[in-house]
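Q: got a predicted model here, sequence first, then my questions.
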Amino acid sequence: MPPDNRTAVCPGSYDPITNGHLDVITRAAAMYDLLIVGVVNLPIRKGATVFSADERCRFAQDALAHLENVEIAPFSNLVVDFARDRGAMAIVKGLRAISDFEYEFEMNQLNRKQAPEIESVYLMASPQYSFLSSSGVKELATFGGEIEDLVPAGVATRLKEELQR
């Protein structure tokens, strides 16, 4: 499918989706006619996520239902192949810190080699979310920390249930 200059993908594991993710996705949705939130579903990493891809997709769908131009879709191939399959012209990622930039710079070089027609677009994290990560949320939840203001409604309860098993 040829790239559509008004369609982008915003890929991630979203395990769990955080308010920082929602901030980047909401801002990206304002830039494109269609934003596809791609939820990674890699069987080779089975057990590496707390939630199944289906449950992560449900969390994202519930949190983003108010955005009419956002679709949620699991994927299990290269991000550039997912973007190409969906007709996207851009991959949108959020950046929090220098470490994110270094990683995303490397990924951008690999992606451009595979799909030079697909651009990478980076949105800086809003200041209130610059510290927020899914792994940090999971660590807080594991040790009984307060996470309700870091993740969408419903995610905090499910995460605590899952981690206390």
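A: Looks like it came in fine.
Q: contact partners of the helix ranked longest in the chain?
A: Scanning the chain for the helix with the most residues, using DSSP state H, yields helix 98-114. When contacts are taken as Cβ atoms under 8 Å, 6 or more residues apart in numbering, the neighbours of helix 98-114 outside the stretch itself are 78, 79, 80, 81, 91, 93, 94, 95, 118, 120, 122. The way it works is simple: take the backbone N, C-alpha and C, and place the C-beta from them, glycine included.
Q: now do the strands in the chain.
A: Defined through DSSP state E, the strands belonging to the chain, from first to last, are 4-12, 34-40, 70-75, 88-95, 119-124.
Q: worst-scoring helix or strand of this structure, pLDDT-wise?
A: The helix or strand of the chain with the poorest confidence is strand 4-12; it has a mean of 90 (mean pLDDT, DSSP states H and E).
Q: show me the contact partners of it.
A: Surrounding strand 4-12, the residues in contact under the criterion Cβ under 8 Å, 6+ apart are 21, 24-25, 28, 31-40, 75, 79, 82-83, 86-93, 121.
Q: do stretch 70-88 as well
A: Under the criterion Cβ under 8 Å, 6+ apart, external residues in contact with stretch 70-88 comprise 1-4, 7-9, 11, 25, 29, 34-43, 53-54, 57, 60-61, 64, 90-91, 107, 111, 114-115, 118.
Q: identify the residue spatially nearest to residue 28, adjacent ones excluded.
A: residue 92 (4.4 Å; Cβ to Cβ, 6 or more residues apart in numbering).
Q: report the beta-bridge partners for the one you found.
A: The residues paired with residue 92 through beta bridges, assigned by DSSP bridges, are residue 121.
Q: and it, how far from residue 133?
A: Going from residue 92 to residue 133 by Cβ to Cβ, to the nearest Å gives 18 Å.
Q: got any ranges where the protein has weak pLDDT?
A: Under the criterion pLDDT under 70, the flagged ranges of the chain are 1-4, 43-47.
Q: tell me the contacts of residue 23?
A: Applying Cβ under 8 Å, 6+ apart to residue 23 gives the contacts 94, 125, 126, 129.
Q: alpha carbons of stretch 13-30, in PDB - could you do that?
A: Once non-C-alpha atoms are left out, stretch 13-30 reads as follows in PDB (Å, rounded to 0.1, in the frame of the first residue of the first chain):
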ATOM      1  CA  SER A  13       4.600  -2.300  23.900                       C
ATOM      2  CA  TYR A  14       2.300  -0.200  26.100                       C
ATOM      3  CA  ASP A  15       2.800  -2.600  29.000                       C
ATOM      4  CA  PRO A  16       1.000  -0.800  30.600                       C
ATOM      5  CA  ILE A  17      -0.100   2.300  28.700                       C
ATOM      6  CA  THR A  18       0.700   5.400  30.700                       C
ATOM      7  CA  ASN A  19      -0.500   8.900  30.800                       C
ATOM      8  CA  GLY A  20       2.700   9.900  29.100                       C
ATOM      9  CA  HIS A  21       1.800   7.600  26.200                       C
ATOM     10  CA  LEU A  22      -1.600   9.100  26.100                       C
ATOM     11  CA  ASP A  23      -0.100  12.600  25.900                       C
ATOM     12  CA  VAL A  24       2.100  11.700  22.900                       C
ATOM     13  CA  ILE A  25      -0.700   9.900  21.200                       C
ATOM     14  CA  THR A  26      -3.200  12.700  21.700                       C
ATOM     15  CA  ARG A  27      -0.700  15.300  20.300                       C
ATOM     16  CA  ALA A  28       0.200  13.000  17.400                       C
ATOM     17  CA  ALA A  29      -3.500  12.400  16.600                       C
ATOM     18  CA  ALA A  30      -3.900  16.200  16.100                       C
END
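Q: fine, thanks again, bye for now.
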